[in-house]
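Asks: got a sequence here, can you model it:
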Amino acid sequence: MIVGIDIGGTTTKIVGLGEARERICATVKANDPVASAAGAIGKFLSVANKKMSDITRLAVTGVGSTALGDDVLGIAAEHVEEFQAIGLGGLDLAEATRALVVSVGTGTAIVQAEGRMARHLGGSGVGGGTILGLSKALSGITDFDTLALAASRGDVKGVDLTIGEISKRAVGTMTRDVTASNFGKMADNPSGDDFAAGIVNMVFQTVGMLAYFAARAERDDTIVVVGNTMQIPSARDVLDKLYPIFGVRFLVPQLASYATALGAALYLSE
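Replies: Numbers count the residues shown, from 1 in each chain. Predicted coordinates:
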């Protein structure tokens, strides 16, 4: 099998490609990159019911991969540039030949991908790390599962100021329920769930607008959003609400969390 490992800031994802191109995925958490890579391989072999000798090629990518040497557990490790992996993985999951691929991990990276070519356009420090940091400070939430649940229960109107609260009519294409100011109603004493919903709303409105402007500049009509942060269900809802305003759709593939690891494996397989 050809195996790709994406060592991120908080989690490590691994994807194995079988002979019939089937995909076997696993995730581990560890602070040390070397321990993450070794742990990911161990968990993958257990999930896939394979032996170490079944791994024919190993691709490593992600911010943590720079700490790795030329082998992991005795397997030669081939380093794949992260933006290349993001582009390849995003296109494959979207079944597209060209797209703007937005990876929302600890931060956000925006890549223009076509075929086997990928070009990093830029990004933002606003991402999953922002969500967890603000959630810890405002709601005392320290993990994504709890955050996702809280955000689904919360109401953004408890923290956000809407167009309707400052205008008696819609403004252009923006209806009265559109956000005018993120966290513009802090004096209203919102609940912890409202804070969580507001944080997710703010981050993904920011990510969505950055992606929209990049797509317009690159003349792309497909925006693929990948990354571990897309496991938050309300994140997709925020992106979907941008369509009536700007006419842009965001595609979030089923295996969005594993796009970069998949892209690394695909880089070797092709």
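Asks: could you use CA atoms for every contact and neighbour count after this?
Replies: OK.
Asks: can you report the mean pLDDT over the residues of stretch 210-229?
Replies: Throughout stretch 210-229, pLDDT has a mean value of 94.
Asks: which of the residues in that stretch are buried?
Replies: By neighbour count on 16 or more other C-alpha atoms under 10 Å, the buried set for stretch 210-229 is 210-212, 214-215, 222-229.
Asks: try stretch 34-53
Replies: Buried residues in stretch 34-53 (16+ other C-alpha under 10 Å): 34, 36-37, 39-45.
Asks: can you check stretch 20-29 too?
Replies: Buried-residue list, stretch 20-29, by 16+ other C-alpha under 10 Å: 23-29.
Asks: with stretch 245-255 instead?
Replies: Buried residues in stretch 245-255 (16+ other C-alpha under 10 Å): 248-253, 255.
Asks: show me which pair in those residues is furthest apart.
Replies: 248 and 255 (21.4 Å; C-alpha to C-alpha).
Asks: which stretches of the stretch 101-250 of the chain form helices?
Replies: Along the stretch 101-250 of the chain, the segments classed as helices by DSSP state H, counting those that start in this stretch run 128-139, 144-153, 192-218, 233-240, 243-246.
Asks: make CSV from those helices and add distance to residue 78 to it.
Replies: Shown next, in CSV, are the helices of the stretch 101-250 of the chain (distance: least, C-alpha to C-alpha, whole Å):
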stretch, distance to residue 78
helix 128-139, 27
helix 144-153, 31
helix 192-218, 30
helix 233-240, 33
helix 243-246, 40
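Asks: which stretch in those helices is the model least sure about?
Replies: helix 243-246 (a mean of 85).
Asks: ok, the helix or strand following that helix: who's next to it in the sheet?
Replies: Toward the C-terminal end, the helix or strand that comes next after helix 243-246 (DSSP states H and E) is strand 250-251. If you go by DSSP bridges, strand 250-251 pairs up with strand 223-226 (parallel).
Asks: what's in contact with the partner strand?
Replies: 90-91, 94, 99-104, 211, 215, 249-253, 256-259 (C-alpha atoms under 8 Å, 6 or more residues apart in numbering).
Asks: could you identify which of the helices of the stretch 101-250 of the chain is most buried?
Replies: The highest mean neighbour count among those, using mean count of other C-alpha atoms under 10 Å, belongs to helix 192-218: a mean of 21.
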